[in-house]
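Student: sequence first, then the predicted structure:
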Amino acid sequence: MTLRMSYSKIAVIYGSDSSEWEVSCRSGQFTASQIDGSRYDVYEIFARFGKWELVAYRMIGQERVEYPENARPAIEKNDFSVMIDGSKVKFDYAYIMQHGTPGENGLMQGYLEMLGVPFSSCSAFVSAITFDKFSCKSYLKDVDFVKCAKDLFVRKGEMNEGLAQKAVETLGLPMFVKPTDSGSSFGVTKVKKIEDFDDAVKLAFSEGKTLLCEEAIDGQELQVGVYANGEDVVALPVIEIVSENEFFDYDAKYNGKSQEICPARIPDSDAQTLQEAARKIYRRMDCSGCVRIDFILTPAKEVYFLEINTIPGMTAASLVPKMVRTAGISMSDFLTQIIENR
């Protein structure tokens with residue numbers, strides 16, 4: 001495919017205001033390193049709690065230049081620019097790699113939309129909807145191509161003495177208690193005994209103001225990366241998650257306590273079913289860029305939707321890069337497709 005060259009100065013934004021900020025930095029640095037240096041100038045921006053700084057830059061055909069931490073130029077937020085050696089550089093595209101707020105919940109996207117700066121991810125509205133697990137599931141509960149686990153939505157301040165019993169009666173045990181708006185499995189607990197329910201709720205509320213109690217579905221956890229290549233919505237090879245822990249938690253994701261098998265050890269017909277479901281969800285939610293959609297496939301071949309990650313991890317060991325490599329696509333070409341098909 002011949003791609004047009006619409007942009008020249010790519011700002012990769014990483015860091016975040018959430019518990020995922022360190023993972024975000026690793027994702028952003030890897031992404032910046034893989035963007036085609038023969039096509040684009042690449043600028044790395046660290047943004048956390050309102051402080052935005054230029055970490056490093058790489059001009060076309062040149063080596064990466066990194067600033068000492070105490071000498072990083074500040075980003076001018078009024079027009080999304082920076083001063084380098086007395087010259088003003090205005091970024092014309094943003095590759096958002098902020099896991100959690102403000103990169104995944106639509107705040108960063110809203111800022112860029114107001115400035116008219118194109119970016120790599122879903123719109124502000126879609127990002128806000130997909131980031132909230134309850135809102136996202138509400139868009140998919142009536143479709144016929146995936147199922148959604150039963151759940152209870154709880155807002156902070158609504159806790160009462162009967163909630164634990166109601167959750168057990170409605171959802172059974174085990175169940176998951178999770179924040180509605182957090183990633184990397186922060187604040188998630190698999191509750192096996194009713195006595196553990198209150199502690200699970202406290203942990204979930206440490207990450208946000210709302211939570212879901214959700215029935216545990218027995219089956220294989222399978223994930224699909226999806227992106228638009230300018231002509232179609234493309235589903236990457238399915239990846240299978242085999243966790244050594246109770247579920248695919250932070251330890252399993254980032255400390256080597258899981259197997260991530262790509263392509264998944266499932267029949268081709270099941271893989272095609274999951275990929276088609278992922279493409280339908282991408283279109284229904286009006287996604288942009290690359291997203292990762294997580295599923296459970298039950299022994300009865302029922303497909304349960306878990307969640308959409310609109311800023312999936314992009315370290316060398318992350319799931320989407322593994323899918324890209326399995327598909328036989330170079331990361332550089334893949335990122336160029338994301339950038340040029342916004």
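Tutor: Here it is on my side, so go on.
Student: alpha carbons only for contacts and neighbour counts from here, please
Tutor: Fine.
Student: give the next helix or strand downstream of the least confident helix or strand in the chain by mean pLDDT.
Tutor: Of all the helices and strands that make up the chain, helix 250-254 has the lowest average by mean pLDDT, DSSP states H and E, namely a mean of 50. Using DSSP states H and E, the next helix or strand after helix 250-254 towards the C-terminus is strand 258-261.
Student: that next one pairs with which strands?
Tutor: Strand 258-261 pairs in its sheet with strand 239-243 (antiparallel), by DSSP bridges.
Student: can I get the CA coordinates of the partner strand in CSV?
Tutor: Extracted in CSV, the C-alpha atoms of strand 239-243 (Å, rounded to 0.1, in the frame of the first residue of the first chain):
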residue,chain,number,x,y,z
ILE,A,239,-3.4,-13.9,21.3
GLU,A,240,-4.0,-16.4,24.1
ILE,A,241,-3.4,-15.4,27.8
VAL,A,242,-2.4,-18.2,30.2
SER,A,243,-1.8,-16.6,33.7
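Student: hey, where'd the helices end up in the stretch 101-250 of the chain?
Tutor: According to DSSP state H, counting those that start in this stretch, the stretch 101-250 of the chain carries its helices in the segments 107-115, 124-131, 133-140, 163-171, 197-205, 250-254.
Student: in three-state terms, label residue 337 for me.
Tutor: helix (DSSP: H, G, I helix; E, B strand; the rest coil).
Student: quick one, phi/psi of the closest residue to it other than its chain neighbours?
Tutor: Computed as C-alpha to C-alpha, 6 or more residues apart in numbering, the closest residue to residue 337 that is not its neighbour in sequence is residue 229, at 5.9 Å. According to degrees, to the nearest 10, the main-chain angles of residue 229 amount to phi -100, psi 10.
Student: tell me how far stretch 212-229 lies from the chain's centre.
Tutor: Going by C-alpha atoms, centre = their mean, to the nearest Å, the spacing between the C-alpha centre of stretch 212-229 and its chain's C-alpha centre is 12 Å.
Student: and that stretch, which residues are buried?
Tutor: With burial defined by 16 or more other C-alpha atoms under 10 Å, the residues of stretch 212-229 counted as buried are 212-217, 219-229.
Student: repeat for stretch 319-339
Tutor: Residues of stretch 319-339 classed as buried by neighbour count (16+ other C-alpha under 10 Å): 319-324, 326, 331, 334-339.
Student: so what touches it?
Tutor: With C-alpha atoms under 8 Å, 6 or more residues apart in numbering as the contact definition, stretch 319-339 has outside contacts at 3, 34-36, 93, 95, 119-120, 225, 227-230, 236-239, 260, 262-263, 289-290, 292, 312-315.
Student: for PyMOL, write the select line for the buried members of those residues.
Tutor: Those of the contacts of stretch 319-339 that meet the burial criterion (16+ other C-alpha under 10 Å) are gathered into one PyMOL selection, given here:
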select buried, resi 34+35+36+93+95+119+120+225+227+228+229+236+237+238+239+260+262+263+289+290+292+312+313+314+315
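Student: out of the buried residues of stretch 319-339, which two sit at the greatest distance?
Tutor: Across these, the two members that end up farthest from each other (C-alpha to C-alpha) are 326 and 339, 20.8 Å apart.
Student: tell me which element residue 13 falls in.
Tutor: Applying DSSP H and E as the criterion places residue 13 in strand 9-14.
Student: relative orientation of that strand and helix 107-115 in degrees?
Tutor: Between the direction of strand 9-14 and that of helix 107-115, the angle (axes from the mean of the first three to the mean of the last three C-alpha atoms, to 10 degrees) works out to 150 degrees.
Student: list the strands paired with strand 9-14, with their directions.
Tutor: If you go by DSSP bridges, strand 9-14 pairs up with strand 41-48 (parallel), strand 93-96 (parallel).
Student: next SSE downstream of the longest one?
Tutor: Spelled out, that is strand 41-48. Sequence-wise, the next helix or strand downstream of strand 41-48 (DSSP H and E) is strand 51-58.
Student: give the next helix or strand downstream of that next one.
Tutor: With elements assigned by DSSP H and E, the helix or strand that comes after strand 51-58 is strand 65-66.
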